[in-house]
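Enquirer: Need a 3D model of the sequence below.
(2 chains)
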Amino acid sequence: MTNASPLARYKLRLRRKRMLWRGFRSRRALTEVANRTAAIKPGEILLFACLRNEALRLPYFLEYYRALGVSQFLIVENDSDDGTREMLADATDVSLWTTPASYKASRFGMDWLTWLLRRYGHGHWTVTADADELLVYPDHDTRDLRELTAWMDQRGQVMMGAFMLDMYPKGPPDDQEYHAGQDPCEVLQWFDAYGYWVQRQPKMGNLWLQGGPRARCFFADEPDRAPTLNKIPLVKWHRSYAYVNSTHNALPAWLNATFDEGGVEKVNGVLLHTKFLPGTADRARMEHGRREHFYNADLYDGYYTALAENPDLWCTNSTLYTGWKQLEALRLMSRGGW
Amino acid sequence: MSVGIVMLVHTAFGRAEQSARHWAAAGCPVVIHVDKAVPRVRYDAFVAALADVPDLKFSKRYRCEWGTWGIVAASQAASELMLNSFADVQHVYLASGSCLPLRPVEELIEYLADRPNVDFIESATTSEVPWTVGGLDMERFTLRFPFSWRRNRYLFDRYVALQRRLKVKRKVPNDLEPHMGSQWWCLSRRTLSSILKDPDRMVYERYFKRVWIPDESYFQTLSRQYAVKIESRSLTLSKFDFQGKPHIFYDDHLQLLRRSDCFVARKIWPHADRLYEAFLTDAAGAMKKTEPNPGKIDRIFSKAVERRIRGRAGLYMQSRFPNEDWENGVTAAPYSMFQGFTELFEDFETWLARATGARVHGHLFAPDRVEFAEGQSAINGALSDSPTLRDYNPEAFLTNLIWNTRGERQCFQFGPDDNQRINWRVAKDPNAQISVITGAWAIPLFKSNFNFADIRSIAAQLQKNESDHMDVLRSTYAKARIRIWTMAEFIEAPMEPLQGILDEIGRTKLRRLSEAPRMVDLSGFGQFLQNLKNQGMHPYMMGDFPVEHGFETPQEKPRKPYLVR
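Expert: Residues are numbered from 1 along each chain as shown, chains lettered A, B, ... in the order given. Next up, the predicted model:
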C-alpha cells in the first residue's frame, strides 16, 4: 500500500484535497430541510446517504439501520417526486438536505456527502450506504454496530469493507409484490453464491471485485464494465478523509486496506443490494433518460435496455438466502477475529 | 469466613455498580478501586450511588495504564484495605468492573471455604508461556520500560533496541524466578498478607515498577514464595485473541457461558443486557458443585483464532487477498490438469471419469468456449462458460472453480492452444497435479484437413507455447506434482503412467486398472512430422518419432480395449 512512489503518493494527496474542496464548494447546492445534528452525541453512529425517489425502500431501510444502532441519519435528497422528502422530514432522527442539482456533476452525490461527512461525521463511526443497501456482518442479528465498532476501536481498525451482493427474485422483478416496510429479502430471496472475481488496483491499493448476476446477464461480453462490488461502508470518519468513487474506494489510500495481504482474514460484511424490487424496469428507463448515473452513459445503453425489459435474473444455479452464516460459509464475508 | 472482592473499575460504572451490589448481597465485602483518570464528578457520583451498600469501601486511587505499575499499586492498596477492614475475609478475589459472576456467589464461597490454603493464580515461568505479545518474554524482566507502549510506542521501541544493544541485563532481586500469568487471581489471606508485609517489599517494588506489564508478574512471582498450595489457573474465565486483546462476551454467548461452569467471566460487553439479566438475577438453581470447565469455550475460540491467523485456503475476497506466495494454498482443493491426453486417446475424458469418479472437463481454457464436463453451460453457481468472462481473469476463474466444487475432484484438459495465462498459477500450486504428453497437440493437426501451409504455421505457434509452458513447469518455483513425457516415450508404454496418475488421484475404485482408453490411429504420423520438417519447421516436442511407417503399435486392433495383467 505504502510502497507507491513519493510522486504517486503526492498525486493522491492532491486528489484527496481536490475532493474535499469540491465537497466544500458543493455545500451551497444543499438546502436544509431539517437539521437535527445538534442532537448528535459523541460516540454515536451516523448514517449518510444520498437518494432519490426511494419511498418504497426507505421505511425498511430506516428501521433496519435503527435496529443496528444508528443514532441519526444525515440524508441528501436529490430531486424526488414520490414523497421521499416528506417522509424523511417527518422522521425525528433524520437530518435532511435537499438539492435539485445534478447528481452526475456532484460525482454521483459524493461531493454533497463529502461535505456532510466532513462537517458532521468527524470522530464518529459512519455508515455510508444507498437506500438499496442493507449491511450484514457476522452476528449482526445479535450484536449491533456499537459492539462491532467498539471491537474495531480496540484493535485500531478504522474501516470495514463489505461485498455488495445482488439479491434477486425468482422471476422478473416487476412480477413480484412488495409493500413499503417489508423486509426486501422476503421478495429477493436469491443470490449468486459463486462467480465473482477479484483483482488488485495498484493505484489506490483497493480491490476490484466484480461478477454476480449482473455480470452474468448483462456484461458477459464486456466484463470490465461489470458493476464494481467492493465497498467500504463503515468508517470511523476523520475530516481529512474522502470517498473517491462512490464508496468503492477512499483516500488516504490505506483506508482501502480492508483485506489482509498476509493470507489471514479480516472482518468483513456484505451489503445486500435490494435493487431488483418491483419497479426496476421503470426505474431503469427513467435513469437511462436522465443519463445521470455513469460518466460515459452511452456505454451502458445495453445495460439499461436489458433492465427495462424486466429481466429474470434467476437461474438453476441460484442460491436461496438463509442468513449471514451462509454468507460466511460461502466466503462472501469473513469474521476474522471478530 | 468469606470472600472479599477487590474490584478495579475504570469505565461502565452502571455495570460495575450492578455487580458490586450482586457480590455485596451475597455477603461478600467489596473494595473498589477507581482509576485516577476518571473525572472527580464521575467518581463522586459512583461513590454516592453505592453509599447504601454495607461492607463496601473505596481505596486510594492510582492511575492505571495498561502495562504499567499503576494496576499493581491499585491492587495492593485495595487488598490492604480489604485485609485490614474485614477480619473474616479468607480469600481475596481480584475482579474488574466488567467481570460477571456466572454462578451463584454462594457456590464460590463454598468452593473456596473447602480449599482454605489454596491460592488460585496462574503462574508459569517465562519459558513455558506461549502468549507473550511483542516478542518480549524474558526481556520483560531484564530490561527497563519507562515509556508507555500505548502513548509513546516509538520511544518504547527505541529504548528497548538501545538496551539490547548495550546488553542491559537487570538482576531479579533475591534471585526470584520470574513467573507470569493472568492478572485475575484469587489469593488466600495468608499468602496475600505475606506478600504485602514482606520486609523486602520495597526492593521488589522498585524492581517491578520497571518491569513490562507487572500486573501479570508481580503477584504471580511473589506468591510462589509464600503459598502453601498454588493452583496455577485463574478462576476468572478470560479469553484473549491472537493480538493479546481480551475477548469480549456478548449476548449471543449466553449458552456458551452457561456451559463453561466458571465462576466469573470477563470481559462482558457493557450493553449485554441479556447476559447481566441472566446471571445477576439470582439463579435459585441447585448447587452444581462442578469444576470450572473453560475448555469447552477454548475449542470454540481457537477455531476463530485459527481462521484469523491462517485464513481459508484458496480464498480470494474482500476480507482476504493474499500476496502471491502468502496464500496458505493457492487453491482450495487438489485437482488435475492433463495436457495431450485427450488428443492421444479417443475416449480419454469418459474413461477418466469412469475410472476415478472425478468431474472431468474438456479444455476449460479453450479459446472459443469453456468446455465444462457434459457440455454444461455453467457450473456450481453461475460460473459461466463465457470465454470472455473467463479470460478477463483466468486465475480467478480457476480458483473459483476449485473453490465452488470443493468436495469433488476436478480434472481438466489443457493444451498450447488454450489461454496460457494460468500457467504460473497452476505450476506454483501444490494442489495441482499436472500430466503432460508433449507434442500431442500435433495429432489434431495431423487428422485435420487444413492447408499444409496453415498447419505449418499453427504447429510452429503451438510448439512455441508448449515449450514456454514446459519451461515454467521445469522451473525451480514450480510446486505442483508434475509429470512430463514426450509423446514417443508415452505411447511406448502407456499403461504405467496412466496407473501412476490414477493412483495419485487416489479415489479410484480400488481395483486395478483393467481397461485402457483407446489410442487414436497414428499410422502416417511419422510421415506427417517428416513433412513438417521438409517444410523447414522442426517439430521436437514429441520426441524421437520413427519416420515412415515404422511405428504402428496401436493400429493393429484399434477397436478393442486391451487388458493389462
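
Enquirer: Residue B:426 is in contact with residue B:478, correct?
Expert: No - checked against C-beta atoms under 8 Å, the pair residue B:478 and residue B:426 is beyond contact range at 9.1 Å. For the C-beta atoms, the positions are set from N, CA and C on the backbone; glycine is no exception.

Enquirer: What are the boundaries of the strands in the stretch 151-300 of chain B?
Expert: Under the criterion DSSP state E, counting those that start in this stretch, the stretch 151-300 of chain B carries strands at the ranges B:179-180, B:186-188, B:229-231, B:236-238, B:264-266.

Enquirer: Could I get those in JSON lines, plus columns for mean pLDDT and mean neighbour count?
Expert: What follows is those, written out as JSON lines (pLDDT from 0 to 100; neighbours: other C-beta atoms under 10 Å in any protein chain shown):
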{"stretch": "strand B:179-180", "mean pLDDT": "88", "mean neighbour count": "23"}
{"stretch": "strand B:186-188", "mean pLDDT": "94", "mean neighbour count": "26"}
{"stretch": "strand B:229-231", "mean pLDDT": "89", "mean neighbour count": "15"}
{"stretch": "strand B:236-238", "mean pLDDT": "86", "mean neighbour count": "24"}
{"stretch": "strand B:264-266", "mean pLDDT": "89", "mean neighbour count": "24"}
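
Enquirer: Kindly reformat these as CSV containing distance to residue B:54.
Expert: Output for the strands of the stretch 151-300 of chain B, formatted as CSV (distance: least, C-beta to C-beta, whole Å):
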stretch, distance to residue B:54
strand B:179-180, 37
strand B:186-188, 22
strand B:229-231, 31
strand B:236-238, 25
strand B:264-266, 22
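
Enquirer: With respect to residue B:92, which of the ones you listed lies nearest?
Expert: Among the strands of the stretch 151-300 of chain B, strand B:186-188 comes nearest to residue B:92, with 5.7 Å by C-beta to C-beta.

Enquirer: can you list contacts of the closest one?
Expert: B:3, B:90-94, B:112, B:116-121, B:195, B:219, B:223, B:227, B:234-235 (C-beta atoms under 8 Å, 6 or more residues apart in numbering or on different chains).

Enquirer: Is residue B:369 in a helix, a strand, or coil?
Expert: Three-state call for residue B:369 (DSSP: H, G, I helix; E, B strand; the rest coil): coil.

Enquirer: Torsion angles phi and psi at residue B:391?
Expert: Main-chain torsions, residue B:391, degrees, to the nearest 10: phi -70, psi -20.

Enquirer: wait, what's in contact with the residue nearest to it when sequence neighbours are not counted?
Expert: Using C-beta to C-beta, 6 or more residues apart in numbering or on different chains and skipping residues adjacent in sequence, the residue nearest residue B:391 is residue B:419, 5.7 Å away. The neighbours of residue B:419, taking C-beta under 8 Å, 6+ apart as the test, are B:365, B:367, B:390-391, B:394.

Enquirer: Farthest pair within the residues you listed?
Expert: Greatest spatial distance in the contacts of residue B:419: B:367 and B:394, 11.8 Å, computed using C-beta to C-beta.

Enquirer: When these two are compared, which one has more neighbours?
Expert: residue B:394 (21 against 10; other C-beta atoms under 10 Å in any protein chain shown).

Enquirer: For that one, what are phi and psi?
Expert: When quoted as degrees, to the nearest 10, the phi and psi of residue B:394 stand at phi -60, psi -30.

Enquirer: gap between it and residue B:377?
Expert: 18 Å (C-beta to C-beta, to the nearest Å).

Enquirer: swap in residue A:301?
Expert: From residue A:301 to residue B:377 the distance is 26 Å (C-beta to C-beta).

Enquirer: And residue B:349, by the same measure?
Expert: 17 Å.

Enquirer: try residue B:204
Expert: For residue B:204 relative to residue B:377 (C-beta to C-beta), the value is 76 Å.

Enquirer: Looking at the two, which is more packed in?
Expert: Higher neighbour count among residue B:204 and residue B:377: residue B:204, with 19 against 12, using other C-beta under 10 Å.

Enquirer: residue contacts, residue B:97?
Expert: Taking C-beta under 8 Å, 6+ apart, one finds B:7-13, B:15-16, B:19 in contact with residue B:97.

Enquirer: Swap in 6 Å and give it another go.
Expert: Contacts for residue B:97 (C-beta atoms under 6 Å, 6 or more residues apart in numbering or on different chains) come out as B:9, B:12, B:16.

Enquirer: Check the offset of the worst-scoring helix or strand of chain A on mean pLDDT from the chain's centre.
Expert: Lowest by mean pLDDT, DSSP states H and E among the helices and strands of chain A is strand A:196-201, with a mean of 82. The chain centroid and the centroid of strand A:196-201 are separated by 18 Å under C-alpha atoms, centre = their mean, to the nearest Å.

Enquirer: What residues of that strand count as buried?
Expert: A:196-198 (16 or more other C-beta atoms under 10 Å in any protein chain shown).

Enquirer: That strand close to chain B?
Expert: Yes - under the criterion of C-beta under 6 Å from any C-beta of the partner chain, strand A:196-201 makes contact with chain B via A:197-198.

Enquirer: for that strand, packing partners?
Expert: Contact partners of strand A:196-201 among helices and strands, from 3 or more C-beta pairs under 6 Å, 6 or more residues apart in numbering or on different chains; DSSP states H and E: strand A:206-211.

Enquirer: so what secondary structure elements neighbour the strand it packs on?
Expert: Applying 3+ C-beta pairs under 6 Å, 6+ apart, one finds that strand A:206-211 makes contact with strand A:196-201.

Enquirer: ok, 10 Å please
Expert: strand A:159-166, strand A:196-201, strand A:230-236, strand A:249-251, helix B:387-392, helix B:394-404 (3 or more C-beta pairs under 10 Å, 6 or more residues apart in numbering or on different chains; DSSP states H and E).

Enquirer: does chain A sit close to the longest one?
Expert: Which is helix B:394-404. Yes - using C-beta under 10 Å from any C-beta of the partner chain, helix B:394-404 reaches chain A at B:394-397, B:399-401, B:403-404.
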